[in-house]
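> Structure for this input, please:
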Amino acid sequence: MDIKEFAEQNNIAIIAKACVNDTCFEILKRDLELESYDLFNQLILYGTVDGLKENVEGQIMPRIWVQGNTKCVICMPKDKILVALFFDNDMNARDNFFHAEHLDELLRDVFAENADRSSG
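Modelled structure (predicted):
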């Protein structure tokens with residue numbers, strides 16, 4: 001599975017990926033609307049890779065932010081790679097936590113598969 005398939009299968013509207021040594025994000029936006037773009041604007045559009053890195057440094061991953069039904073899950077699928085997932089759902093806090101953990105695990109698999117393909 002590649003990152004686009006991951007986004008489609010998990011109803012992810014926006015994926016923002018950054019290497020912690022880079023200064024810009026790679027953004028994949030699907031044709032899905034979010035209830036709120038506040039988290040995306042604050043963390044990615046008007047934010048920086050360094051700012052995002054500082055926000056999650058020392059935190060248990062994945063990190064979750066919520067604005068209404070819009071969620072942002074920050075994952076670190078590989079060392080020095082941060083990925084922000086933006087999507088809408090109406091899950092309660094407990095279910096959203098387990099959903100974020102599941103997304104984090106799937107994303108690690110996506111990065112591992114793609115690393116295997118590029119080295120093989």
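
> Where do the strands of the protein begin and end?
For the chain, the strands identified by DSSP state E occupy 14-19, 26-29, 63-67, 70-78, 81-88, in order along the chain.

> Count residues in the vicinity of G47, would you?
Applying the criterion other CB atoms under 10 Å, we find 16 residues in the vicinity of G47. Where C-beta positions appear, they are placed from N, C-alpha and C, glycine not excepted.

> now do N92
Using other CB under 10 Å, the number of residues around N92 comes to 8.

> hmm, back to that, want to throw the strands of the chain into TSV with distance to L45?
As requested, these are exported to TSV (distance: least, CB to CB, whole Å):
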stretch	distance to L45
strand 14-19	9
strand 26-29	9
strand 63-67	14
strand 70-78	12
strand 81-88	11
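
> Same list, those strands, but as TSV with mean pLDDT, distance to K53 and mean neighbour count please.
Output for the strands of the chain, formatted as TSV (pLDDT from 0 to 100; distance: least, CB to CB, whole Å; neighbours: other CB atoms under 10 Å):
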stretch	mean pLDDT	distance to K53	mean neighbour count
strand 14-19	95	8	20
strand 26-29	96	15	14
strand 63-67	95	11	16
strand 70-78	95	10	22
strand 81-88	96	7	22
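
> Select, out of the ones you listed, the one closest to E54.
strand 81-88 (11.0 Å; CB to CB).

> just checking, what packs against the closest one?
strand 14-19, helix 38-40, helix 49-56, strand 70-78, helix 93-119 (3 or more CB pairs under 8 Å, 6 or more residues apart in numbering; DSSP states H and E).
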